[in-house]
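Participant: Here is a sequence together with a model predicted from it:
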Amino acid sequence: MKQNSFTIKLTSEQQEKLAALLRSPQYIPVEVPHTAIAVDAGTCRVNLYNSGKCLVQGKGAEEWITFTLEPEILGEARLGYDAIHDPESVQPHMGVDESGKGDFFGPLVIASVYTDAKSVEILKELGARDSKKITSDRVALQLASDIRKKLDGKYAVIAIGPEAYNRMYSKIANVNRLLAWGHARAIENLLEKVPDCPRALSDKFGATTLIERALMEKGKKIKMDQRTKAESDPAVAAASILARAGFLMALRKMEKDFGIETVPKGCSAKVKQIAAELVANKGPGILLKTCKCHFRTTEEVLGMNGYKLSDLQ
């Protein structure tokens, strides 16, 4: 699946130049809320928002960016130049990312994905990107399915369910250390399939030594890198999608197992309501099987039913 939607942040000068360009006769003006100007370019739509973001969508989006936006407005080539802008992104390595860390319900899921120059091209064709930019669960699940089919088994997914998560947290008492343990296991498991992988990259969530200490014999030989916004790397982006899909599938199973119509994400008022209903129907111990109980939400939910943390067994 070719990517057909791109968002580019423009400077004030670039916004002025683009607005002038889009007023030319070959573009048909369209009405889009919160835009300075929006047009139909024939094979794609171009929206210049008041925030300075330019959204290009449609089957001809990539071509329009390559032959119009880049040379006439940006003054530089961006699409298709990964090897120039970030040479390490197309060299053999694995990316690691997680899902569910900030969600009261459900597991913590960590995935690792191995890529090289060939698989980076495949991921680009699929439209793989940071899962946080994918607003539809259906799209995330479909992308994950496509990625698994194309990666020839060169990925690993670790799911730490609520019961295991709560047991581990009671001993470790530190989310970053627990997260590092999960990252290390995802790296070790993928090294079983790709033993010569030279490097692993993850988003920055703590000292790199946290993961390095958690690695076992195979992992001790790999170079461990962390950086902010690592999801821009194709391997990390693909891992983020697999992790999110694993998390979503776990929520769906929970819905069936516990008779919940919809398990909500995050820590919203809806989350507290559903959790309180579970406790009212099944007792406080149900939280250990469904939720991450070190969240302050646990005490709030228990209190809504007249329980205390000491009742959580």
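Facilitator: Nice, I can see it. Residues are numbered from 1 along each chain as shown.

Participant: From one end of stretch 98-113 to the other, what's the distance?
Facilitator: Distance between the boundary residues of stretch 98-113 (Cα to Cα, to the nearest Å) amounts to 12 Å.

Participant: how close does the closest residue to residue 5 other than its chain neighbours sit to residue 4?
Facilitator: For residue 5, the nearest residue in space outside its immediate sequence neighbours is residue 57; the separation is 4.7 Å by Cβ to Cβ, 6 or more residues apart in numbering. (Glycine included, C-beta is placed from N, CA and C.) Taking Cβ to Cβ, to the nearest Å as the measure, residue 57 falls 6 Å from residue 4.

Participant: Now the common contact residues for the two.
Facilitator: Common neighbours of residue 57 and residue 4, using Cβ atoms under 8 Å, 6 or more residues apart in numbering, are residue 44.

Participant: where along the stretch 101-250 of the chain do the helices fall?
Facilitator: Ranges of helices in the stretch 101-250 of the chain, per DSSP state H, counting those that start in this stretch, are 117-126, 137-150, 162-172, 175-193, 208-214, 234-258.

Participant: This structure: strands as residue ranges?
Facilitator: Here the chain has its strands, by DSSP state E, at 5-9, 28-29, 35-40, 45-49, 53-57, 93-99, 108-115, 155-160, 199-203, 223-227.

Participant: Now those strands in CSV, please, with extra columns for distance to residue 303 and mean neighbour count.
Facilitator: Below are the strands of the chain laid out as CSV (distance: least, Cβ to Cβ, whole Å; neighbours: other Cβ atoms under 10 Å):
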stretch, distance to residue 303, mean neighbour count
strand 5-9, 42, 15
strand 28-29, 56, 11
strand 35-40, 46, 18
strand 45-49, 43, 22
strand 53-57, 43, 19
strand 93-99, 29, 27
strand 108-115, 25, 29
strand 155-160, 27, 22
strand 199-203, 34, 23
strand 223-227, 38, 16
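
Participant: Put together TSV for those strands, with distance to residue 269 and mean pLDDT on each row.
Facilitator: Converted to TSV, the strands of the chain look like this (distance: least, Cβ to Cβ, whole Å; pLDDT from 0 to 100):
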stretch	distance to residue 269	mean pLDDT
strand 5-9	30	83
strand 28-29	42	96
strand 35-40	33	96
strand 45-49	30	96
strand 53-57	30	92
strand 93-99	22	95
strand 108-115	23	96
strand 155-160	26	96
strand 199-203	28	91
strand 223-227	34	87
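
Participant: can you redo those strands as TSV with distance to residue 257?
Facilitator: Formatted as TSV, the strands of the chain follow (distance: least, Cβ to Cβ, whole Å):
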stretch	distance to residue 257
strand 5-9	36
strand 28-29	52
strand 35-40	45
strand 45-49	43
strand 53-57	39
strand 93-99	19
strand 108-115	17
strand 155-160	15
strand 199-203	31
strand 223-227	35
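
Participant: and residue 240, which of those is closest to it?
Facilitator: Ranking the strands of the chain by distance to residue 240, with Cβ to Cβ as the measure, places strand 93-99 first at 3.9 Å.

Participant: The closest one: partners in the sheet, and parallel or antiparallel?
Facilitator: Strand pairing for strand 93-99, determined by DSSP bridges: strand 108-115 (antiparallel), strand 199-203 (parallel).

Participant: Tell me which residue lies nearest the centroid of the protein.
Facilitator: Geometric centre of the chain, nearest residue: residue 131, 3.1 Å, by Cα atoms, centre = their mean.

Participant: That residue against residue 243, yeah?
Facilitator: Yes - look at residue 131 against residue 243 with Cβ atoms under 8 Å: they come within range, at 7.3 Å.

Participant: Mutual contacts of these two, please.
Facilitator: Among the neighbours of residue 131, those also in contact with residue 243 (Cβ under 8 Å, 6+ apart) are 97, 99.

Participant: what residues are up against residue 45?
Facilitator: Contact analysis of residue 45 by Cβ under 8 Å, 6+ apart lists 30, 38, 39, 55, 56, 57, 58.

Participant: Also residue 179?
Facilitator: 98, 101, 108, 110, 205, 206, 210.

Participant: Let's have these in a markdown table, adding distance to residue 162.
Facilitator: Formatted as a markdown table, the contacts of residue 179 follow (distance: Cβ to Cβ, whole Å):
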| residue | distance to residue 162 |
| --- | --- |
| 98 | 15 |
| 101 | 13 |
| 108 | 9 |
| 110 | 15 |
| 205 | 20 |
| 206 | 22 |
| 210 | 22 |
